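J.: Only the shape, not the letters, is given here:
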């Protein structure tokens, strides 16, 4: 499938190790300084002011870019800051195509900016067999892909979309949000994407104690544009947050492998339950995107969603009975979480958009953690029984 770089996953563990130029510390130090002493007017160093460049942030950027196979990365203050940064590449006459079922806050941001005339916008179904050709015919300047989608876990064929669009419009930018899978399980640049974004708050950091984002560019030209806007708009991530995210990144493969194993077992369990209506998980053979996921992903991931039979009160009773799964925003941490998208992550979309996307009152999203799978299933069992 994707071209494998030598020691690609090991480099996540080794990022910055032994590179300290001062005391040769194995773990790179945290640089909190906002400014740096210059050597002279004719000898400027790489580091002058930390909004522009910071050693700790640079190590994290290099590590994430390396994992994604990009030229370079920009670390931002949040996942939404990462999307905001990308949208600044667009002009008022440019058309942005985005998925009709994307993350609620991203949906709202795009809609509001389009209403202000920042760019033209169309939300489309990116998952049908003819989606690639339909989008190509519109000659967009940018296509934003979220695969798997949040929260219905629909799978977009990244290679097919990129190929069809680039054939008719080589200058179109293909952007892919890779937050749900991480570069361990999917590499959009190898599939034709120009830009990859992450909420590093999620799997990359993996401990629910940092908010951050990242944007990876395929080419030097794109990276320079993104770097300019991040510096000018002040969207950059803080050094301490970068340090913590780099620490979390070192265990990424261990965490996501365990969480994915758990998710496969949880999905199989939920599918067998009479009180569960539908399970949305690309690791299930009856998932509509299963074949595409098998080709472009290295695993189904640790995220899934499902609908309960009943109504919103049924969903509330189930959630309230859980003992291990915590009702919370976010995802991708070591702990297992449950989310009610209709009233939480996707409330900002509006009722009509939620209905079209399939975000119903009985839909629940699970972020599977690294606990023992037997305990997770036991918790779901007792909550279903209640």
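T.: Cool, the structure landed. Bear in mind the structure is a predicted one, so any value in this text is a computation, not a measurement. Residues are numbered from 1 along each chain as shown.
J.: what sits against residue 127?
T.: By CB atoms under 8 Å, 6 or more residues apart in numbering, the residues touching residue 127 are 149, 154, 155, 156, 288, 289. No exception for glycine: its C-beta is placed from N, CA and C like everyone else's.
J.: no, scratch that, I was asking about residue 301
T.: 148, 180, 181, 185, 256, 260, 263, 282, 283.
J.: Report the secondary structure state of it.
T.: Following DSSP: H, G, I helix; E, B strand; the rest coil, the label given to residue 301 is coil.
J.: Apart from its neighbours in sequence, what residue is nearest it?
T.: residue 181 (5.0 Å; CB to CB, 6 or more residues apart in numbering).
J.: so that neighbour touches residue 296, yeah?
T.: No. Using CB atoms under 8 Å, residue 181 makes no contact with residue 296, being 9.7 Å away.
J.: The two - which one has more neighbours?
T.: The neighbour comparison of residue 181 against residue 296 (other CB atoms under 10 Å) goes to residue 181, with 28 against 24.
J.: Find me the pLDDT at the more buried one, would you?
T.: Residue 181 is assigned 98 on the pLDDT scale.
J.: Might you report the residue contacts of it?
T.: 148, 203, 297, 299, 301.
J.: Which residue is the nearest non-sequential neighbour of the third one?
T.: Nearest residue to residue 297 in three dimensions, chain neighbours excluded: residue 186, at 5.0 Å (CB to CB, 6+ apart).
J.: Phi, psi for the nearest residue to residue 88 once chain neighbours are set aside please.
T.: Closest residue to residue 88 apart from its sequence neighbours, by CB to CB, 6+ apart: residue 229 at 4.6 Å. Per-residue torsions, residue 229: phi -70, psi -40 (degrees, to the nearest 10).
J.: In contact with residue 229, which residues?
T.: So residue 229 contacts 85, 88, 89, 235 (CB under 8 Å, 6+ apart).
J.: again, 10 Å this time
T.: 74, 84, 85, 86, 87, 88, 89, 215, 235 (CB atoms under 10 Å, 6 or more residues apart in numbering).
J.: now do residue 197
T.: Residue 197 neighbours (CB under 10 Å, 6+ apart): 68, 73-74, 76, 79, 81-83, 85-86, 106, 144, 146, 175-179, 188, 213-216.
J.: ditto for residue 161
T.: 97, 126, 131-133, 135-136, 143, 145, 147, 172, 174, 176, 191-193.
J.: Mind checking which of those residues are buried?
T.: Listed as buried from these are 97, 126, 131-132, 135-136, 143, 145, 147, 172, 174, 176, 191-193; burial here means 16 or more other CB atoms under 10 Å.
J.: Could you check how many residues crowd around residue 320?
T.: 10.
J.: An error on my part: the question was meant for residue 152.
T.: 20.
J.: I'd say it and residue 356 touch.
T.: No. Residue 152 is beyond contact range of residue 356, at 11.1 Å (criterion: CB atoms under 10 Å).
J.: and for the two, which residues touch both?
T.: residue 101.
J.: And the contacts of residue 127, which is closest to residue 165?
T.: The nearest member of these to residue 165, counting by CB to CB, is residue 156 at 12.1 Å.
J.: one step back: report the set of residues contacting both of residue 181 and residue 296.
T.: 147, 187, 188.
J.: Residue 10: which of these is nearest?
T.: For the shared contacts of residue 181 and residue 296, the nearest to residue 10 is residue 187 (15.9 Å; CB to CB).
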